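output the structure for:
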Amino acid sequence: MARPIADGIVRRNASRIPWARIPRNSLMFPTAALLETSGSVTVPMATPKSPSGNCMRRKAILSQLTGPLPRLAAKPLLTTYGAPFDPRSAATENGEPMQMDFDHFTVDGIPMFRPRAIPDWRDLQRPLRARFVSAHFLFTLGAFIEDVPYDPDLYFHGEEITLAIRAFTRGYTLLHPHQHLVWHEYTRDYRTKHWDDHVQAQGIELEWHARDAASRGKVCQFLTAPHTGPFGCGTERSFTEYEAYAGLSFTHRVAQDATLQGLEPPNPPVTPNWATDVREWQVRITLDRGALPPEALEAPQFWYVGVHDASETEIYREDAHGDELLRLLTGDGGQITIQRRFHSARQPAMWAVWPFDRSGRWLEKMVGTVDSWSLMNAA
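Down below sits the predicted model:
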């Protein structure tokens, strides 16, 4: 299930925090697959087999009526990360449509992404505009393979961002489906990967790490010195236009707040120097274990952890769950310390921790001001 929404304004007596949105531009918000001006479009939907390896079986199709085709969506591209499933489990949870969120830049400057269930997806009537492209699911015009041929020099990291830029600059409209279409098996612990056996001991001349280094070098060169051509940018939009649309600066390796929050693009207007205004913040949150309600410590589903600016608008959210939450709940001592590191052009002023239990209830919310240690340790 999608995590309940708890974004926006922090108020002590609020029963729920509203989801922050930016206005949608209807002209840039095309309907589902958009391959016809009217009528229906069928999209294959893959469903996991009862566990037998990691095979996927095409079991059904999604038929969806579409309205008139907006001119600006003449080259729609539906893409997304698949909802997770475990082929070793007989049970398959109901999937939810996912969006691709920016996560971080690697040390060599390649942006990495993470999946997240689309908020309020059941209320949506059309796909979301997307910043990024994934090969988990990529459904578009057949001409794509000629317009954006796959670069044979790419190994692993860098595929998604280069595909996104190359497609965008060739006039494709990037979209996340607003309905669940495909699953993906994310775990790798029981499988032999390409980099496990592509080593000299297996008689491989060019080992995987050499291929990866060359691939990453090519990606980084493209991101810092973009060029046009079959494996470069197109000419319908510019590389700079993509940076503005996605809310990224490849030169400074930073992202805009709207991108960090995973809001639908395009981003709100920013100042010309926004990239140099972004700072790295470290926020430390200290809670008195004895003052917490018992339900927050017994069996919570997760803890909402958000940081807000002086206007009480959320600038960063990273919930505590899984191993981190277990560590916080079972730790020794009378204090619980949570630390968050993130980038933002806005100075953090407040934090909020809000436990959510397994029965679907928000518990008592804890709020506080960002301490001087956090502000002094900003980079």
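
got the domain ranges for this protein?
The record's domain parsing of the chain by automatic domain parsing lists 26-193+217-267, 276-376.

can you tell me the element the nearest residue to residue 320 once chain neighbours are set aside falls in?
In space, and not counting its chain neighbours, residue 320 is closest to residue 303: 4.1 Å by C-beta to C-beta, 6 or more residues apart in numbering. For glycine as for every other residue, the C-beta is placed from the backbone atoms N, C-alpha and C. Here residue 303 sits within strand 300-308, counting by DSSP states H and E.

go through the chain and flag its longest helix.
Secondary structure of the chain per DSSP state H: the longest helix is helix 208-224.

other residues contacting it?
For helix 208-224, the surrounding residues in contact (C-beta atoms under 8 Å, 6 or more residues apart in numbering) are 108-110, 151, 153-158, 161-162, 165, 194-195, 198-199, 232, 250-251.

what about 7 Å?
Applying C-beta atoms under 7 Å, 6 or more residues apart in numbering, the external contacts of helix 208-224 come out as 108-110, 153-158, 162, 194-195, 198, 232, 250-251.

ok, back up a step: and the contacts of the strand holding residue 303?
Residues outside strand 300-308 that contact it (C-beta under 7 Å, 6+ apart) are 3, 6, 10, 283, 314-321, 325, 338, 340, 348-358.

now, which of these lie within strands?
Among the contacts of strand 300-308, the residues falling in strands (DSSP state E) are 283, 314-317, 338, 340, 350-357.

residue at max distance from the center of this structure?
residue 203 (38.1 Å; C-alpha atoms, centre = their mean).

from residue 197, how far out is that residue?
Relative to residue 197, residue 203 is positioned 10 Å away (criterion: C-beta to C-beta, to the nearest Å).

for residue 306, same thing?
Separation of residue 306 from residue 197 (C-beta to C-beta) stands at 43 Å.

so the residue nearest to the spatial centre of the chain is in which element?
Nearest to the geometric centre of the chain sits residue 101, at 1.6 Å (C-alpha atoms, centre = their mean). Counting by DSSP H and E, the element that carries residue 101 is strand 98-105.

neighbouring strands - and their directions - for the helix or strand immediately after that strand in the chain?
Proceeding N to C from strand 98-105, the next assigned helix or strand is strand 111-117, under DSSP H and E. According to DSSP bridges, strand 111-117 forms sheet pairs with strand 98-105 (antiparallel).
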